[in-house]
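Engineer: make a model of this:
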Amino acid sequence: MTTATDKQIFEEGVGHLKAGECRQAESAFGRLVREHPQNPNFRRRLGIAYLSQGEYQKARKQFTEALDLVEKRGIPFDLSYDPDETGQSLIALTYHDRGYAFLMENRFSMARKDLQKAIKGTKKPDTLSWFHNDLGWLYFRWEKYDLAEKQYDLVLSDLAPGNGYTFLYRGLARYKKGDYEGAREDYASALEIFEQTAEDLETRFESARIPEVQIARASALINLSRIDLEEDKFGPAEESLLAALEIYEENQGQMEKFSPLRKRQEENNLAALHNNLGLLYYRLQMMDRAREEFRAALEHERSAEVYNNLGNVYAELGQKDRAEKFYRLAARLDPGLQSPRKNLEQLREKGAVGPDWWDWWFRSPPRDREEARSTSRWNAVRRRLPRKVARRLIGSLLVVILLISLTSIVLPTALDVLGGPWEGAVFAGKNTSTVTTEEKLENGTLVSTRTTTRTVENDILGRLGVAAFVLLILILPQVKSFSAGAVSVTMSTESKGAAPRE
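Structural biologist: Model (predicted):
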């Protein structure tokens, strides 16, 4: 049996959830579950605390326990803890929450089953529009864009015709289907609704809710910029992206109060914003600004699209090694993304100016922060150190051989110029010297004279050949990465969408 103290702890936990203080909420509801393991209300709220932190497996466990208590053991929800709900609606909410956890784990079949049960379990229009939006988002993530659009059509036609989020969701689905005009119309509708909603909230002195609406507006602007980029409308695209960036900067303080899950979602949206700005500057051949924006994107999220696009910048700058690294990072992070694989093929076929041969052998380029974050420190050391040491040892040996070969050619020439036993025979292929030895008796009388002729081979052409061969090996990295003339290579780029609240 619960007590007044339990209700106080429950209300404190709900307050922590609303404030984005998910760890404190987890602590409060965890205490209640330990003391009252048979209470489905407490388990559901603990599941929400886990869900808000992105701990989906733990969340599902609590939702499943709550549903088992109600449906299998006949223990109803205590409506005193949720007075605005009914027992049936709380069951529907629990199915929805578990379905959402499945969705975030990409377990789409299980998620669909739970979300459909949730839809059948409620009659409230607002709740139904929420559930249908999430079912549409499931189909979107599942790449079933027609089914996603049908869910959004249902919401806009029957349940919530003025729902800005639904217009934004449907715009995403239409964009994926290639219906840019339809997507543009939906984004414009979402922007208009969000702007009007913000004005209404200000009139009603509900300013605390305005940042939420403004951030949704930023998502619509980011996605609108994708269409402008596709249609080479760079001016409008830049205007939308900079406006979205300004919104995020103005609401930075509010974002700090978001739950960990929501923060990650907005980090992803900021990554999309900077990626699309980078793509804009890349198209305008402003490579330094493009590189800056792609790096900013990776500060917010590791993304295969951004790695791919950063590789394109390095390819344009003639830094083939770095371009290859980032294409490989993109392919490793998302094996299904085709752009980095196509770009690697083009890079190999058409080439680009590679690194200086001396740098290739002896100076490994400094690792970018983006590359450093892509692997653990130990893996980076383990993979790079043996190759780096071997390359430098081989390079050093080749340089020594080259120096010895050149010295064996230059030194005799110098000695010939100075005079001495080598004089006169350097360029004949042989060096000949004559040594006369006189033997005398003790009284100074000459006994005999002996002349010795010594011939030393000096194969200059052979030494030149060795030196040329070694030099060719040393400069081979640059020869391999060079193509005749400046070849313009069109690389596959990737824009990114900004998801509204998930």
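Engineer: switch to C-alpha atoms for all contacts and neighbour counts from now on
Structural biologist: Noted.
Engineer: number of nearby residues for S219?
Structural biologist: If you count neighbours by other C-alpha atoms under 10 Å, S219 ends up with 30.
Engineer: run through who's touching the one helix or strand it maps to.
Structural biologist: Secondary structure from DSSP states H and E places S219 in helix 210-230. Helix 210-230 is contacted from outside by 165, 168, 172, 175, 180, 184, 187, 190-191, 194-195, 197-198, 201-202, 234, 236-238, 240-241, 243-245, 247-248, 251, 254, 269, 272-273, 276, 280, 495-501, using C-alpha atoms under 8 Å, 6 or more residues apart in numbering.
Engineer: only the buried subset of those residues, as a ChimeraX command please.
Structural biologist: Per 16 or more other C-alpha atoms under 10 Å, the buried members of those correspond to this ChimeraX selection:
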select :165,168,172,175,180,184,187,190,191,194,195,197,198,234,237,238,240,241,243,244,245,247,248,269,272,273,276,280,495,496,497,498,499,500
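Engineer: any weak-confidence spans in the protein?
Structural biologist: Flagging of the chain using pLDDT under 70 yields the residue ranges 1-2, 350-388, 411-461, 474-502.
Engineer: just the strands from it, written as ranges.
Structural biologist: Counting by DSSP state E, the chain has strands at residues 430-440, 446-457.
Engineer: which residue ranges form the helices in the stretch 51-200 of the chain?
Structural biologist: Using DSSP state H, counting those that start in this stretch, the helices of the stretch 51-200 of the chain run over 56-71, 87-104, 108-120, 125-141, 145-154, 164-176, 180-203.
Engineer: just those: most buried one?
Structural biologist: Mean neighbour counts were taken over these using mean count of other C-alpha atoms under 10 Å, and the top value, a mean of 26, falls to helix 164-176.
Engineer: please name every helix or strand in contact with it.
Structural biologist: helix 125-141, helix 145-154, helix 180-203, helix 210-230 (3 or more C-alpha pairs under 8 Å, 6 or more residues apart in numbering; DSSP states H and E).
Engineer: now do 7 Å
Structural biologist: In terms of contacts (3 or more C-alpha pairs under 7 Å, 6 or more residues apart in numbering; DSSP states H and E), helix 164-176 is packed against helix 145-154, helix 180-203.
Engineer: C-alpha coordinates for it, CSV please?
Structural biologist: Coordinates of each C-alpha in helix 164-176 appear next as CSV, following Å, rounded to 0.1, in the frame of the first residue of the first chain:
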residue,chain,number,x,y,z
GLY,A,164,3.1,21.9,-37.5
TYR,A,165,5.2,18.8,-36.5
THR,A,166,3.1,16.6,-38.8
PHE,A,167,3.7,18.9,-41.7
LEU,A,168,7.4,18.7,-40.9
TYR,A,169,7.3,14.9,-40.7
ARG,A,170,5.4,14.6,-44.0
GLY,A,171,7.8,17.0,-45.7
LEU,A,172,10.7,14.6,-44.7
ALA,A,173,8.8,11.6,-46.2
ARG,A,174,8.0,13.5,-49.4
TYR,A,175,11.6,14.6,-49.7
LYS,A,176,12.8,11.0,-49.5
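Engineer: quick one: it to helix 210-230, angle?
Structural biologist: With axes from the mean of the first three to the mean of the last three C-alpha atoms, to 10 degrees applied, the angle from helix 164-176 to helix 210-230 works out at 20 degrees.
Engineer: so who does V14 touch?
Structural biologist: Counting by C-alpha atoms under 7 Å, 6 or more residues apart in numbering, V14 touches A25.
Engineer: next: the one 3 residues further on.
Structural biologist: The neighbours of L17, taking C-alpha under 7 Å, 6+ apart as the test, are 25, 49.
Engineer: cool, and I9?
Structural biologist: By C-alpha under 7 Å, 6+ apart, the contact list for I9 reads A28.
Engineer: could you break the protein into its assigned domains?
Structural biologist: Following automatic domain parsing, one finds the domains of the chain at 1-123, 359-438+448-480.
Engineer: can you name the residues that contact the residue nearest to G15 when sequence neighbours are not counted?
Structural biologist: Nearest non-adjacent residue to G15, counting by C-alpha to C-alpha, 6 or more residues apart in numbering: A25, 7.9 Å away. Residues in contact with A25 (C-alpha under 7 Å, 6+ apart) are 13-14, 16-17, 49.
Engineer: recalculate using a threshold of 10 Å.
Structural biologist: Residues counted as contacts of A25 (C-alpha atoms under 10 Å, 6 or more residues apart in numbering) are 9-19, 31, 45-46, 48-50.
Engineer: again with K263
Structural biologist: Residues in contact with K263 (C-alpha under 10 Å, 6+ apart) are 20, 52-53, 255-257, 269.
Engineer: export the helices and strands packed on helix 164-176 to JSON lines and tack on distance to E345?
Structural biologist: Converted to JSON lines, these look like this (distance: least, C-alpha to C-alpha, whole Å):
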{"stretch": "helix 145-154", "distance to E345": "30"}
{"stretch": "helix 180-203", "distance to E345": "30"}
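Engineer: residues contacting the nearest residue to R60 once chain neighbours are set aside?
Structural biologist: Of all residues not flanking R60 in the chain, R98 sits nearest, at 5.4 Å (C-alpha to C-alpha, 6+ apart). By C-alpha under 10 Å, 6+ apart, the contact set of R98 is 44, 47-48, 51, 56-57, 59-64, 67, 92, 110-111, 114-115, 118.
Engineer: what does V70 give?
Structural biologist: By C-alpha under 10 Å, 6+ apart, the contact set of V70 is 38-40, 64, 76-77, 87, 91.
Engineer: next, count neighbours for the nearest residue to A271 once chain neighbours are set aside.
Structural biologist: Distances taken as C-alpha to C-alpha, 6+ apart place A297 nearest to A271, at 4.1 Å, with adjacent residues excluded. By other C-alpha under 10 Å, the residues close to A297 number 27.
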